[in-house]
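J.: no FASTA, just this:
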């Protein structure tokens, strides 16, 4: 999985391309927790090229959601594909994030 | 079609490609492919995380076939007897502070597959999944 990052108007942006599973989620966990620890409380994750997510991926997102909530921050997700959104719904994870249809 | 899976999370990409090949040959929809991929990925990940195999040892054998209007997946491993479907279901209503992802993988399997069962035969754990098309 590729992880691209950037900052726009104070929002820290991650763009994930590929699969967020047990083999790729550890790297993302390190990166996103680092960003939160460094004081970024406004995070946007671009899911428009994310093809697959497993519970390993959800686990990282949950850890990040807990951490950022403790800092009074929030994580937004944009461009989520239908299959991926269904996984969030089944897992009861949709209340944890704000979803934006487009990433611009 | 059969695939041998080693005890290494890097095998998951290989599993995904294998399932994609099967889906292409059998003209399965993206919905069906996603559901099968998710279920198999979760079961393989569980076996890697909770099994006692050495890294890169043989872990599981995956077999997938189409039978009429169904796709049948069988996962076979020679580990200690373990039925993942017996684990308690996660509480999905917990607030974020109390939430965890334990048991979520198996929960996905139960929601996405039309049939799922476990049996123990000749010192193998056998998980059989059916997805109706």
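T.: All right, it came through fine. Since we're looking at a predicted model, the values are computed, not measured.

J.: CA only for contacts and neighbour counts going forward, please
T.: Fine.

J.: output the contacting helices and strands for the longest helix along chain A.
T.: When chain A is scanned for its longest helix (criterion: DSSP state H), the result is helix A:55-70. Counting contacts by 3 or more Cα pairs under 8 Å, 6 or more residues apart in numbering or on different chains; DSSP states H and E, helix A:55-70 is packed against helix A:25-37, strand A:74-78.

J.: among the ones you listed, which is nearest chain B?
T.: Among the helices and strands packed on helix A:55-70, helix A:25-37 comes nearest to chain B, with 10.7 Å by Cα to the nearest Cα.

J.: would you agree residue B:53 is in contact with residue B:7?
T.: Yes - look at residue B:53 against residue B:7 with Cα atoms under 8 Å: they come within range, at 6.8 Å.

J.: looking at these two, which is more packed in?
T.: Each of residue B:53 and residue B:7 has its neighbours counted (other Cα atoms under 10 Å in any protein chain shown); residue B:7 has more, 22 against 17.

J.: all helices of chain B, in order?
T.: Under DSSP H, chain B gives helices at B:11-25, B:30-50, B:104-112.

J.: now these as JSON lines including mean pLDDT, distance to residue B:93 and mean neighbour count?
T.: Below are those laid out as JSON lines (pLDDT from 0 to 100; distance: least, Cα to Cα, whole Å; neighbours: other Cα atoms under 10 Å in any protein chain shown):
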{"stretch": "helix B:11-25", "mean pLDDT": "98", "distance to residue B:93": "30", "mean neighbour count": "17"}
{"stretch": "helix B:30-50", "mean pLDDT": "95", "distance to residue B:93": "21", "mean neighbour count": "20"}
{"stretch": "helix B:104-112", "mean pLDDT": "97", "distance to residue B:93": "13", "mean neighbour count": "20"}
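
J.: pick the most deeply packed of the helices and strands packed on helix A:55-70.
T.: strand A:74-78 (a mean of 19; mean count of other Cα atoms under 10 Å in any protein chain shown).

J.: any idea how far stretch A:76-93 is from the chain center?
T.: 11 Å (Cα atoms, centre = their mean, to the nearest Å).

J.: one step back: report the buried residues of the longest helix of chain A.
T.: A:55-68 (16 or more other Cα atoms under 10 Å in any protein chain shown).

J.: if I look at the residue of chain B most remote from its centre, how far off is chain A?
T.: Most distant residue from the mean C-alpha position of chain B: residue B:97, 28.6 Å away (Cα atoms, centre = their mean). From residue B:97 over to chain A the distance is 6 Å, taken as Cα to the nearest Cα, to the nearest Å.

J.: need the helices of chain B in JSON lines (columns: distance to residue A:35).
T.: Listed next are those as JSON lines, based on distance: least, Cα to Cα, whole Å:
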{"stretch": "helix B:11-25", "distance to residue A:35": "27"}
{"stretch": "helix B:30-50", "distance to residue A:35": "27"}
{"stretch": "helix B:104-112", "distance to residue A:35": "27"}
